[in-house]
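Chemist: coords please:
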Amino acid sequence: MNAHTSSHHDDGSAGPALAFGVDVGGSGVKGAPVDLATGELAQDRHRIPTPQPSTPQAVAEVIGRLVDEYDLPTDVPLGVAFPAPLQRGVVRSMANLDQSWTGVDVPALLGRETGRHVVAVNDADAAGVAEVRYGAARDTDGVVLVATLGTGIGSALIVDGILLPNSELGHLEIDGYDAETRASEAARDREDLSWEQWAERLQRYFGVVEDLLSPDLVVVGGGVSKKHEKFLPLLHLRAPVVPARLRNAAGIVGAAALAAEDARRAAAAR
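Modeler: Numbers count the residues shown, from 1 in each chain. Below is the predicted model:
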C-alpha cells in the first residue's frame, strides 16, 4: 500500500472524514472544511482580511471567527497553513506578518482560541502535501519536490508520502545569488523576462536542485502554473515536471489533511 494513500482506508474508527483548513496570508485569512476522502472543499471557503497590525492574538481571533462561520462538531481538527518556517509548531522567523509572531507556538495559541486539535505548517509544505495526497503527485512514490513560483520560490519535499518540513529551497545560493531573486515569478515580472529567458533561469535552478535531491517528480505551482504550457515544456530535467492541480485551495487542503492525521495519532496514543 502506498504510504500516502493509507489514510484513505477509513473504517469509521480511523478518525474524522472532515477537517478544517485555514490559509493565512499577508492580506487575507481563508478557510473551509475539507472532505478528506476527496481532498475537495466540503463547503464554500470564506475569507476575512488579515487584521492590521497582524499580531498573534488578532490573527487568532480572526481564525476563530472563520471556524465559527461553519457549524462543525468540536472534534473536527484545525490545520493552519502559515507564511513562515515552523519548528514543531513554533514560528522561527516572520516576513509577512507582524514581527511579534517570532517564537509563538501557533497550535497552542489557536488551541486556546478555538478549543480544537490544531496543527500548523508552513504554507508551501501544506500545498505540497495536498498535491501528493490529492493532486498532481497522487500516484508517485519516492521523492516529490513541489515548488511554488510567486513572490519567492516556496518548496516542499515529500518522501514516500512523508513531509520533510521547512525545506526553503528557494534560498539556495546559485551562481552567487539567492535563487529566488533570479528565478521567481516576481523576478520574471521585475526584469520583464520573456518565457524563454525565464525558463533558462528555471532550468539552472531546477538543475541544481535535481543534482542535490534526485526527485522522482517535480510539481510546479503558484499562480503562474496556470500558464504552464508557456514554460514547463522548455525545461529539460531527468525527472518529469508537471503543473500543480489544486491551485488556490492547496494550502487549505494540505493543512486540513495534516491536522486530521495528527489528530488520529493523538487519539491512538491516548
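Chemist: Low-confidence regions, the stretch 1-150 of the chain specifically.
Modeler: Applying pLDDT under 70 to the stretch 1-150 of the chain flags residues 1-16.
Chemist: all helices for it, in order.
Modeler: Shown for the stretch 1-150 of the chain, the helices assigned by DSSP state H, counting those that start in this stretch span residues 56-68, 106-114, 123-134.
Chemist: I'd like to know which of those is closest to Ala269.
Modeler: Closest to Ala269 of the helices of the stretch 1-150 of the chain is helix 106-114 (C-beta to C-beta; 15.8 Å). Where you see a C-beta, it was placed from the backbone N, CA and C, and this is true even at glycine.
Chemist: For that closest one, name the packing helices and strands.
Modeler: helix 56-68, strand 78-82, strand 118-122 (3 or more C-beta pairs under 8 Å, 6 or more residues apart in numbering; DSSP states H and E).
Chemist: For the first one, buried residues please.
Modeler: Applying a neighbour-count criterion of 16 or more other C-beta atoms under 10 Å, the buried positions in helix 56-68 are Pro56, Val59, Ala60, Val62, Ile63, Gly64, Leu66, Val67.
Chemist: One more: stretch 130-139?
Modeler: For stretch 130-139, by 16+ other C-beta under 10 Å, it's Ala130, Glu131, Val132, Arg133, Tyr134, Gly135, Ala136, Ala137.
Chemist: Now do that stretch: everything it contacts.
Modeler: The contact list for stretch 130-139 (C-beta atoms under 8 Å, 6 or more residues apart in numbering) reads 2, 4, 7, 38-39, 140, 144, 146, 156, 158, 161, 217, 219, 221, 242-246, 249-251, 253-254, 257.
Chemist: Dump it to PDB, keeping only the CA atoms.
Modeler: Provided in PDB are the C-alpha atoms of stretch 130-139 (Å, rounded to 0.1, in the frame of the first residue of the first chain):
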ATOM      1  CA  ALA A 130      -2.100  18.500  -0.900                       C
ATOM      2  CA  GLU A 131      -0.500  17.800  -4.300                       C
ATOM      3  CA  VAL A 132       0.800  14.400  -3.100                       C
ATOM      4  CA  ARG A 133      -2.400  13.300  -1.400                       C
ATOM      5  CA  TYR A 134      -4.900  14.600  -3.900                       C
ATOM      6  CA  GLY A 135      -3.300  16.300  -6.800                       C
ATOM      7  CA  ALA A 136      -0.600  16.100  -9.400                       C
ATOM      8  CA  ALA A 137       1.700  13.800  -7.500                       C
ATOM      9  CA  ARG A 138      -1.000  11.400  -6.200                       C
ATOM     10  CA  ASP A 139       0.300   8.200  -7.800                       C
END
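Chemist: on that earlier part again, Serialize the buried residues of helix 56-68 to a markdown table and add fields for distance to Gly26.
Modeler: Listed next are the buried residues of helix 56-68 as a markdown table, based on distance: C-beta to C-beta, whole Å:
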| residue | distance to Gly26 |
| --- | --- |
| Pro56 | 15 |
| Val59 | 11 |
| Ala60 | 16 |
| Val62 | 13 |
| Ile63 | 15 |
| Gly64 | 19 |
| Leu66 | 16 |
| Val67 | 20 |
